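1. test case, fold it:
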Amino acid sequence: MTSAIGFLEQAGRNELSPAQYAAGVCLLEIDDRQRQALLERDAATLNELLGGRRRVLFAILAPDEDVGQD
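-> Have a look, this model is predicted:
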């Protein structure tokens with residue numbers, strides 16, 4: 001896991017003030033572009049820098065109610 005993702009995971013578990021968030025980002029040993037994306041809360045840029053996917057599909061497929069009831 002990258003430092004940026006680890007930081008976001010920690011930040012998601014703890015309520016950080018804007019000052020605490022910025023201080024935490026500044027302490028990370030990450031690329032300057034990643035740092036800037038985190039400080040600007042630019043998810044699209046951070047995703048691109050970390051090699052994330054552009055789209056993610058989530059679907060729930062419920063079985064038909066009458067299947068297997070015969």
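2. which positions in the helix or strand hosting residue 21 come out as buried?
-> Taking DSSP states H and E as the definition, one finds residue 21 inside helix 18-27. Of all the residues in helix 18-27, those buried under the rule 16 or more other CB atoms under 10 Å are 21, 24, 25. Just so you know, the C-beta spots here come from the backbone N, C-alpha and C atoms, and that holds for glycine as well.
3. and the contacts of that helix?
-> The set of residues external to helix 18-27 that reach it, using CB atoms under 8 Å, 6 or more residues apart in numbering, is 7, 10, 11, 16, 35, 38, 39.
4. ok, now which ones touch residue 36?
-> If you count contacts by CB under 8 Å, 6+ apart, residue 36 has them with residue 42.
5. should've said residue 53
-> Residues touching residue 53, when contacts are defined by CB under 8 Å, 6+ apart, comprise residue 47.
6. measure it to residue 47 for me?
-> Distance of residue 53 to residue 47, given as CB to CB, to the nearest Å: 8 Å.
7. ok, back up a step: between the contacts of helix 18-27, which is nearest residue 62?
-> Closest to residue 62 out of these is residue 11 (34.3 Å), distances taken as CB to CB.
8. since that was my last question, I'll sign off now.
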